[in-house]
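>>> give me a model of this one.
(one chain, ligands or ions: 1)
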Amino acid sequence: MAKRPTVLVTRKLPAAVEARLERDYDARLNPDDSELDTEALLRAAEGADAIMPCHSEGFPAEVIARLPEGVKIIANFSVGTDHVDLAAAKKRGVVVTNTPEVLNDATAEVTMLLMLGAARRASEGERLVRAGGWKTWSPAFMVGTQVTGKTVGIVGMGRVGKVVAERCRGFEMKVHYHDQRRLPAEIEKGAVFHETLESLLAVADFVTMHCPNTPETRGLINKDTIAAMKDGVIFVNAARGTIVVEDDLIAALKSRKIKAAGLDVFQNEPFIDERWADIENVFLLPHVGSATAETRDAMGFRALDNLDAYFAGREPGDRVA
Ligand code: 8YV
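Residues are numbered from 1 along each chain as shown. Below you'll find the model as predicted:
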């Protein structure tokens, strides 16, 4: 019998995913879920044919260059691929895949949670109740912003953005969006396209980010684009921290130009800027957009489908390099 391919799995994955890995591969699992730095990762990859990493492991060009010869495919357990230098992988002949689609619903759910949490001051309320500080009630107490019927500005109407648009319609929101291209009418479903980001920002009561981290989107939300937003806007980011200049967002939250923000992603995760802890009008989550049991299973199976295809000599469905 031919030797089964060896797959290095960098983090602990759901039981059903690990069971399939062990059934079909010579799987090097990480039952303790210990974090691998670059050196440990490269050591663990010795003799492996494939790596199934998460977004928590970086593959810049210098790491790609040092990968053991035998590693032929990086089958990511993530939709984002900004932790992998795709050009370097391609140059070295290492195939790269991701897990699109399967996390759209979970990420859209978290987006709505962030939107509602920021608008309805969920974080402030929760802290007050837990700390025993809830001593009174009045009509003026903890008044937030209503979500229903407002205008949402979706920046990036891709896979997740489209599901967010659907969920926002459930709140009777008017959906506006900006993307590189206008969508066909049957997908747009009445959403209003804005050719420029500034034009979208000028009308949105809620701005929500759904673009990938690319050289073009890095720092897209900065003091100039914030100035183009309506006063008192609510800002939501469940995409990537790098698309926001955090100094500028913090200043806008302090001045209340931005009334409140809901953030699931940050610069330098998980060692985020300490200032976030003291900002009242922000609802914070620790990058859990896709963290549901159902979605974690689906991500693992999707990554495995890509591996299976590759080792069966077929083109992996989600090849990105
Ligand atoms: C994942 C994500 O939890 O898939 C992505 O790109 O950002 C997250 O939702 C994580 O990256 C899994 O590796």
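
>>> which SS class is the residue in the stretch 201-321 of the chain positioned nearest to the ligand?
Nearest residue of the stretch 201-321 of the chain to the ligand: Ser290, at 3.3 Å (Cβ to the nearest ligand atom). Where you see a C-beta, it was placed from the backbone N, CA and C, and this is true even at glycine. Put simply, Ser290 is coil when judged by DSSP: H, G, I helix; E, B strand; the rest coil.

>>> quick one: pLDDT of the residue nearest to it when sequence neighbours are not counted?
The shortest distance from Ser290 to any non-neighbouring residue, by Cβ to Cβ, 6 or more residues apart in numbering, is to Leu103 (3.9 Å). Here, the pLDDT recorded for Leu103 equals 98.

>>> quick one: residues contacting Leu103.
Contact analysis of Leu103 by Cβ atoms under 8 Å, 6 or more residues apart in numbering lists 79, 160, 289-290, 295, 298-299.

>>> now intersect these with the helices, please.
160, 295, 298-299 (DSSP state H).

>>> by neighbour count, which of those wins?
The most crowded member of the ones in helices among the contacts of Leu103, judged by other Cβ atoms under 10 Å, is Val160 (30 neighbours).

>>> tell me how far that one lies from the ligand.
Val160 sits 10 Å away from the ligand, going by Cβ to the nearest ligand atom, to the nearest Å.

>>> ok, that residue touching Asp105?
No. Using Cβ atoms under 8 Å, Val160 makes no contact with Asp105, being 9.0 Å away.

>>> quick check: residues of the stretch 51-200 of the chain near the ligand?
54-55, 77-80, 103 (Cβ under 6 Å from any ligand atom).

>>> now with 8 Å?
Neighbours of the ligand within the stretch 51-200 of the chain, by Cβ under 8 Å from any ligand atom: 53-56, 76-81, 83, 98-99, 103, 106-107.

>>> give me the nearest residue to the most centrally placed residue in the chain, chain neighbours excluded.
Centroid check for the chain by Cα atoms, centre = their mean gives Ala239 as the closest residue, at 3.9 Å. For Ala239, ignoring the flanking residues on the chain, the nearest one in space by Cβ to Cβ, 6+ apart is Met209 at 4.5 Å.

>>> quick check: which element contains Lys91?
Here Lys91, judged by DSSP states H and E, is contained in helix 86-92.

>>> outline the domain layout of this structure.
Listed domain ranges for the chain are 6-102+293-311, 104-284 (source: automatic domain parsing).

>>> in the stretch 51-200 of the chain, where is pLDDT below threshold?
Within the stretch 51-200 of the chain, no range satisfies pLDDT under 70.
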